[in-house]
Every structure is written in C-alpha cells, then in structure tokens.
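Q: Let's see this in three dimensions:
(2 chains)
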Amino acid sequence: QKEVEQNSGPLSVPEGAIASLNCTYSDRVSQSFFWYRQYSGKSPELIMSIYSNGDKEDGRFTAQLNKASQYVSLLIRDSQPSDSATYLCAVNAGTASKLTFGTGTRLQVTL
Amino acid sequence: GAVVSQHPSWVICKSGTSVKIECRSLDFQATTMFWYRQFPKQSLMLMATSNEGSKATYEQGVEKDKFLINHASLTLSTLTVTSAHPEDSSFYICSATKRTSGYTDTQYFGPGTRLTVL
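A: Numbering: from 1, shown residues only, chains lettered A, B, ... in the order given. Next up, the predicted model:
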C-alpha cells in the first residue's frame, strides 16, 4: 500500500525561527511532490511543488527532495504566526494525477 | 493562475433531501477533478475521481448511488448527495488538475462546501 507519513505534531516554533516539516513516502516510483497548507476550517492551498532531487526555494519556503532516501521536507524561514496551520505532504506516482496525502503536521508559531 | 470555485460554500438541509455541489475551474481546463470529504480534525478522504465525459471512479467504501458525480465539461463537475442523512454532514472539497509540465498535473482545491444535514 502506498503511504505518505508525516509527524502529526504539533510542531511549535517561536516567531522568526525556521520550521522544518518532514515527510517520507513508500512508493519508489513517485515522481511529483507537493506541500499544501490548510488553515482550520478551510481547504488546502498549494505552497510548493518539487519534482527533482535537491532544493527548491520560493520566498520564505524551501522544499527539499531526496528520492534515494524517499523523503521530502519543507523549511519555512522567519516563521510568522500566520504560518500556523496544518501542512499536508502529497505524492503523485506518475502520469495519473491522483495524490496520496499524508495526515498532515500541525505547525504552531508562537509569539 | 489556477482558481477553483465551489458553490454553495455552505448548505443546511433536512434529512432525506438531495444536495448538489458545483465545482468549477475558472481560468483553466481541468484534465481531472477530484472530490474529497473531510470530517472535523480528520484527514482528507478521497471520494472519487471525475473525468469529463466518462463515469466517475469511486474509492472503496464510497456509495456511488448516494454520491452522484457528473462531469459535464472540462470546467465543471457536480456532486449530488442523494437522500442526505446527518452522518453525511461534512466538509466537501473538490480539486481540479492542471497540467503544469510535460508529464505532471497539479491539483488546485476549491474553497469547500460545508454540508449540515438536520
């Protein structure tokens, strides 16, 4: 069974610090990886996508992918209280567009 | 851009009635649309995959006769909850996929529809 694993948290970081969110996946043929942010009571919002090994940066967000170790991570620099949300890791195994989601990590940024 | 809308954003209905939820991709044509359900403090649960002009593919345990999906065009999919009961009360979210590279689709989510069945 294809799985995507995340620590449920909560992960608590002080304002201004770096938040590091991790995700592992079991299906080696996975090709596309996504991070979504979901605020309480709202729908998921795409934050980052990454397809190749290495780092991809977008503003305060950096996604990191290591296919050999089957993990993908999201770093949030200069964390803000508005970053407090649940972060969902999602994996796509090929041309089919269906995603496998992790259960999400709840991030709390404290003042 | 990649904007997905849903209508209505919330609905309250009586037990036994049917409710239709619309999902539209506003600025792109969606190769595929998905319907999810999410109960409070729980994970997203995929209900079905919807392709234009073909029958939806339902996940195991999802009753296709209760959750009717129609995908009339590349920008519109509808979910009808038939004979709704209180246990169907949930947050229903659609997503639409956009081809973002030669072989990759990205899912963009609608804002969700909160259904309450009395």
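
Q: OK, contacts around residue 58?
A: You didn't say which chain, so I picked chain A. residue A:48 (CB atoms under 8 Å, 6 or more residues apart in numbering or on different chains). Where you see a C-beta, it was placed from the backbone N, CA and C, and this is true even at glycine.

Q: Wait, chain B was what I had in mind.
A: For residue B:58, the contact set (CB under 8 Å, 6+ apart) comprises B:47-48, B:64, B:67.

Q: With residue A:105 instead?
A: Neighbouring residues of residue A:105 by CB under 8 Å, 6+ apart: A:6-9, A:11, A:21-22, A:86-87, A:89.

Q: Repeat that for residue B:14.
A: Applying CB under 8 Å, 6+ apart, one finds that residue B:14 lies in contact with B:117-118.

Q: Same question for the one 5 residues further on.
A: Contacts for residue B:19 were tallied using CB under 8 Å, 6+ apart; they are B:11, B:13, B:80-81, B:84, B:115.

Q: so what's the residue of chain A found nearest chain B up against?
A: Nearest residue of chain A to chain B, counting by CB to the nearest CB: residue A:97, 3.6 Å away. By CB under 8 Å, 6+ apart, the contact list for residue A:97 reads B:31-32, B:97, B:105, B:107.

Q: who wins for neighbours among the residues you listed?
A: Counting by other CB atoms under 10 Å in any protein chain shown, residue B:107 has the largest number of neighbours within those, with 26 neighbours.

Q: my guess is that one contacts residue B:99, does it?
A: No - using CB atoms under 8 Å, residue B:107 is not in contact with residue B:99; the gap is 11.5 Å.

Q: Which elements pack onto the worst-scoring helix or strand of chain A on mean pLDDT?
A: Using mean pLDDT, DSSP states H and E, strand A:99-101 stands out as the lowest-scoring helix or strand of chain A, at a mean of 92. For strand A:99-101, the packing partners by 3 or more CB pairs under 8 Å, 6 or more residues apart in numbering or on different chains; DSSP states H and E come out as strand A:85-92.

Q: that older thread, please tabulate the contacts of residue A:105 in TSV and include distance to residue A:75, pLDDT and neighbour count as additional columns.
A: As requested, the contacts of residue A:105 are exported to TSV (distance: CB to CB, whole Å; pLDDT from 0 to 100; neighbours: other CB atoms under 10 Å in any protein chain shown):
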residue	distance to residue A:75	pLDDT	neighbour count
A:6	15	95	20
A:7	15	92	15
A:8	19	90	12
A:9	15	90	14
A:11	12	97	16
A:21	8	98	22
A:22	10	97	17
A:86	17	97	22
A:87	11	98	24
A:89	13	97	28
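
Q: what subset of the residues you listed is also close to chain B?
A: Filtering the contacts of residue A:105 for neighbours of chain B using CB under 8 Å from any CB of the partner chain leaves an empty set.

Q: Determine which two of those are furthest apart.
A: A:22 and A:86 (14.3 Å; CB to CB).

Q: Name the residues of the next helix or strand after the least confident helix or strand of chain A that are buried.
A: For strand A:99-101, the following helix or strand on the C-terminal side (DSSP states H and E) is strand A:105-110. Residues of strand A:105-110 classed as buried by neighbour count (16 or more other CB atoms under 10 Å in any protein chain shown): A:105-107, A:109.

Q: May I have the predicted confidence score for residue B:103?
A: Note on residue B:103: pLDDT of 67.

Q: swap in the one 10 residues further on?
A: Here the pLDDT value assigned to residue B:113 is 98.

Q: That one pairs with what?
A: The residues listed as beta-bridge partners of residue B:113 by DSSP bridges are residue B:92.
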